[in-house]
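Asks: Provided below are the primary sequence and the corresponding predicted coordinates.
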Amino acid sequence: MTLVNSDTIKYTFSGHDSFQCRQLWLKKGYDFIIEKNSFNDEDAVVKLGVGKNMVSAIRYWMKAFNIIDGKDNPTEFGTKLLDNKGWDPFLEDDASLWLLHYQLIKSGLASTYNIIFNDFRKEKLFFNKETFVNYLKRRRDAEEGLNFNENTLAGDFIVFIKMYQSSDSGFKDVEDSFSGILSDLELLKTIQIEKEKGKKPEELYQIENNERDKLPQAVLLFSILENKSFGNSISLNSLEHDNNSPASIFCLNRSGLTDKISEIVNNNKQIIFTDHAGIKELQFKNKPNAYLILDKYYGK
């Protein structure tokens, strides 16, 4: 379901056929495309080794993660990450998962992820499917032209949970026992709240801001350099609160953000962090190429 509001913002809450992206799907799909195959081919199910609905899901997630474009051609990011001579074709470095998380939110194709990390979680410290659906219902009332099927939206939220929740979190279905590709980032916490004695506790979720010690500073710098709304001088406030800001996407508190910025400044003489009259800014003397930053990180 893709929706367009009066400001031509597109909302998409379906396309994955209720399948969360699995660990090997992106590499499998990338190789499939590189070998000049098409997702529309009759033998796509055989070559990919999955069911017909999963073929559609792989295609959807490859677009959502910016691995392929709207015409099913590999993107620069997809090629650099997943090519056999790329940065990390089998996603063995957690930095690659952070990059995929960033691309998923930045691309905006899978609207639930962009909405949750940029807006919703800042309003709701603890949430579940019902609070998310109600939040978007309120937005629908305020945004002319925004409309959606509540069941589709609820189903999309369930897939979101599967993407970030670890495999030992209690999914009953065998198919659900496979962790989503981003579960190792440990961004999503599950909270059990006991309401009445003898009754099943309520399950709530939380995405909190903290230091994110495991987040590589190169990934953070890449996200800043890729953000077209940032110039050569960027206020700390913008890095913390703007749409698709690093603090929003990577769930960083101010301490974590400033620590990462200090690492970036210490490793690059062309970047400085200033504090004049209480106005803190990250400044670039010469902006480095975003992809060269990651080439260096991955040792390519």
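Replies: Sure, I can see it. These figures come from a predicted structure and were not determined experimentally. Numbering: from 1, shown residues only.
Asks: any idea what the residue nearest to residue 235 when sequence neighbours are not counted is bridged to?
Replies: Spatial nearest neighbour of residue 235, chain neighbours left out: residue 281 (5.4 Å); criterion: C-beta to C-beta, 6 or more residues apart in numbering. Placement of C-beta: from N, CA and C, glycine included. Counting by DSSP bridges, residue 281 is bridged to residue 235, residue 274.
Asks: and the pLDDT at residue 281?
Replies: pLDDT, residue 281: 97.
Asks: correct me if wrong: it contacts residue 232.
Replies: No. Contact status for residue 281 versus residue 232: not in contact, 9.8 Å apart, counting by C-beta atoms under 8 Å.
Asks: between the two, who's got more neighbours?
Replies: Ranked by neighbour count (other C-beta atoms under 10 Å), residue 281 and residue 232 place residue 281 first, with 17 against 11.
Asks: ok, that one - contacts?
Replies: Contacts were defined as C-beta atoms under 8 Å, 6 or more residues apart in numbering; by that measure residue 281 touches 233, 234, 235, 236, 273, 274, 275.
Asks: for ChimeraX, write the select line for the buried members of those.
Replies: Listed next is the ChimeraX selection for buried residues among the contacts of residue 281, using 16 or more other C-beta atoms under 10 Å:
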select :234,236
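Asks: name the nearest of the contacts of residue 281 relative to residue 9.
Replies: The nearest member of the contacts of residue 281 to residue 9, counting by C-beta to C-beta, is residue 234 at 24.0 Å.
Asks: distance-wise, check the closest residue in space to that closest one that isn't next to it in sequence relative to residue 249.
Replies: Closest residue to residue 234 apart from its sequence neighbours, by C-beta to C-beta, 6+ apart: residue 282 at 4.8 Å. Remark: distance between residue 282 and residue 249 (C-beta to C-beta, to the nearest Å) = 16 Å.
Asks: sorry, back to before: columns pLDDT and distance to residue 50 on top of the contacts of residue 281, output as a markdown table?
Replies: Compiled in a markdown table, those are given as follows (pLDDT from 0 to 100; distance: C-beta to C-beta, whole Å):
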| residue | pLDDT | distance to residue 50 |
| --- | --- | --- |
| 233 | 97 | 48 |
| 234 | 97 | 42 |
| 235 | 97 | 46 |
| 236 | 97 | 45 |
| 273 | 97 | 47 |
| 274 | 95 | 52 |
| 275 | 92 | 53 |
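Asks: where are the low-confidence patches of the stretch 201-300 of the chain?
Replies: Counting by pLDDT under 70, the stretch 201-300 of the chain contains no low-confidence segment.
Asks: show me where it has its strands.
Replies: 202-206, 233-235, 271-276, 279-284 (DSSP state E, counting those that start in this stretch).
Asks: who does the second one touch, helix- and strand-wise?
Replies: In this structure, strand 233-235 packs against strand 279-284, with contacts taken as 3 or more C-beta pairs under 8 Å, 6 or more residues apart in numbering; DSSP states H and E.
Asks: cool, the first one as well?
Replies: For strand 202-206, the contact count by 3+ C-beta pairs under 8 Å, 6+ apart identifies strand 189-193 as packing neighbours.
Asks: what sits up against the strand it packs on?
Replies: Residues from elsewhere that reach strand 189-193 (C-beta under 8 Å, 6+ apart): 126, 165, 169, 201, 202, 203, 204, 205, 206, 207, 208.
Asks: what's near enough to touch the closest residue to the first one other than its chain neighbours?
Replies: Translated: residue 126. Nearest residue to residue 126, sequence neighbours excluded (C-beta to C-beta, 6+ apart): residue 204, at 4.3 Å. When contacts are counted by C-beta under 8 Å, 6+ apart, residue 204 touches 126, 127, 128, 190, 191, 193.
Asks: list only buried entries from these.
Replies: Buried members of the contacts of residue 204, counted by 16+ other C-beta under 10 Å: residue 127.
Asks: next up, phi/psi of the spatially most central residue of the chain, please.
Replies: Closest to where the C-alpha atoms of the chain average out (C-alpha atoms, centre = their mean) is residue 101, at 2.9 Å. Main-chain dihedrals, residue 101, degrees, to the nearest 10: phi -60, psi -50.
Asks: residues in contact with it?
Replies: So, once contact is read as C-beta under 8 Å, 6+ apart, residue 101 ends up touching 182, 185, 187, 249, 250.
Asks: can I get those in JSON lines including neighbour count?
Replies: Below are the contacts of residue 101 laid out as JSON lines (neighbours: other C-beta atoms under 10 Å):
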{"residue": "182", "neighbour count": "24"}
{"residue": "185", "neighbour count": "20"}
{"residue": "187", "neighbour count": "21"}
{"residue": "249", "neighbour count": "24"}
{"residue": "250", "neighbour count": "23"}
